[in-house]
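Chemist: Sequence and predicted structure are below.
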Amino acid sequence: ASVAAEPDAVSSTLKNVKHVVLVLSGKGGVGKSTVSVQIALSLVAAGHKVGLLDVDLCGPSIPTMLHLQNHKVHQCPQGWVPVFADQEQRLSVMSIAFLLDRQDDPVVWRGPKKTAMIKQFLADVYWGELDYLIVDTPPGTSDEHISMVENLRKVSPDGAVLVTTPQAVSTNDVKKELNFCIKAHLPILGIVENMSGFVCPHCAECSNVFSSKGGELLAAEFKVPFLGRVPLDPLLTQSLESGQSFVALYPESATRTAIDAIVKPL
Ligand code: ADP
């Protein structure tokens with residue numbers, strides 16, 4: 001690993017990146033990484049060149065979701081070279097998992113080391129030209145988030161997409177995220193309600209497993225855009241576990257349409 005970079009290095013590394021979008025959630029397990037991956041794949045399908053940065057240092061799941069578990073990043077004179085997730089090289093990925101000797105090794109670092117790693121992730125990855133950089137953050141609002149926002153300030157990120165499940169235990173935590181964004185002057189691009197209803201594969205009827213509309217009500221309360229809802233879809237889970245692109249496998253599905261609609265305003 002190279003020496004921690006100066007904040008200005010972030011601006012020069014990301015100077016050819018048109019849009020920077022952060023994905024946040026109040027809790028773990030609400031589908032933040034799933035939504036990040038699906039947003040990235042949907043943007044790629046729309047013809048964009050996309051980078052996906054997994055900043056979830058303690059629980060990196062993006063390499064697994066894209067079946068890139070055994071990949072390693074290499075160094076070039078400009079920094080770390082991200083891993084391409086597709087043959088056309090339109091989706092490049094960087095994750096802490098690519099730097100670990102063994103993928104199952106835990107990352108047990110204290111705050112300062114995590115902060116230094118985030119700076120490096122933002123300053124030392126050679127993305128080249130990108131239309132979008134999607135940043136999957138750890139759950140909650142921690143040191144890592146503050147460090148990320150500070151390091152990105154000069155780049156003026158487009159803003160944050162907040163992911164929640166519809167029920168109050170999750171939406172309550174998203175309120176903290178919303179307040180964090182407001183305090184940190186990070187624009188809020190909108191709220192996504194994930195696991196919003198279950199579409200039965202047998203009868204196609206949608207049941208609201210959790211209470212419904214939590215994300216939408218929260219968006220109205222905070223006067224931020226509601227980007228849409230993604231149903232709990234067994235085919236989506238399957239595609240994530242098999243590492244096959246859901247976008248490619250089920251181009252006609254309602255879930256895919258929902259994800260495309262979320263991506264439109266970004
Ligand atoms: P987080 O990043 O918030 O911790 P993940 O994206 O890792 O959450 O999702 C947790 C689990 O839920 C994963 O196994 C994922 O496959 C599954 N999952 C997330 N969203 C959906 C969905 N809309 N439909 C089906 N499974 C989902």
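Modeler: Everything's here; your move.

Chemist: shaky segments in the stretch 101-250 of the chain?
Modeler: Scanning the stretch 101-250 of the chain for pLDDT under 70 picks out the ranges 102-108, 168-169, 201, 203-212, 243.

Chemist: is the ligand contacted by the biggest helix by length in the chain?
Modeler: As assigned by DSSP state H, the longest helix anywhere in the chain is helix 168-183. No - figure legend: helix 168-183 not in contact with the ligand (Cβ under 6 Å from any ligand atom); closest approach 9.6 Å. Bear in mind the C-beta positions are built from the backbone N, C-alpha and C, glycine included.

Chemist: Can you tell me which residues in the stretch 1-150 of the chain are near the ligand?
Modeler: With Cβ under 6 Å from any ligand atom as the criterion, the stretch 1-150 of the chain comes near the ligand at residues Ser25, Gly28, Gly29, Val30, Gly31, Lys32, Ser33, Thr34, Ser61.

Chemist: buried subset of the residues you listed?
Modeler: For those, a neighbour count by 16 or more other Cβ atoms under 10 Å gives the buried set as Ser25, Val30, Gly31, Lys32, Ser33, Thr34, Ser61.

Chemist: Would you mind giving these as CSV with distance to Gly47, pLDDT and secondary structure added?
Modeler: Below are these laid out as CSV (distance: Cβ to Cβ, whole Å; pLDDT from 0 to 100; DSSP: H, G, I helix; E, B strand; the rest coil):
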residue, distance to Gly47, pLDDT, secondary structure
Ser25, 28, 93, strand
Val30, 29, 91, coil
Gly31, 25, 93, coil
Lys32, 25, 94, helix
Ser33, 24, 94, helix
Thr34, 22, 94, helix
Ser61, 26, 87, coil
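
Chemist: roughly how far out does the helix or strand containing His19 sit from the chain middle?
Modeler: Element membership for His19 (DSSP states H and E) is strand 17-25. Relative to the centre of its chain, strand 17-25 is centred 8 Å away, using Cα atoms, centre = their mean, to the nearest Å.

Chemist: how about the strands of the protein, start to end?
Modeler: Assigned strands in the chain, in chain order: 17-25, 50-54, 74-76, 79-81, 83-84, 91-95, 130-136, 159-164, 188-199, 206-207, 226-232 (criterion: DSSP state E).

Chemist: Can you spell out which helices and strands pack onto the fourth one?
Modeler: Taking 3 or more Cβ pairs under 8 Å, 6 or more residues apart in numbering; DSSP states H and E as the contact definition, the neighbouring helices and strands of strand 79-81 are strand 74-76.

Chemist: ditto for the last one
Modeler: Packing contacts for strand 226-232, counted by 3+ Cβ pairs under 8 Å, 6+ apart, involve strand 188-199, helix 214-222, helix 254-263.

Chemist: And Val230, how close does it get to the ligand?
Modeler: Using Cβ to the nearest ligand atom, to the nearest Å, Val230 is found at 5 Å from the ligand.

Chemist: which residues does that residue bridge with?
Modeler: Under DSSP bridges, the beta-bridge partners of Val230 are Asn194.

Chemist: Run a quick neighbour tally on it.
Modeler: Counted with other Cβ atoms under 10 Å, the neighbours of Val230 add up to 25.
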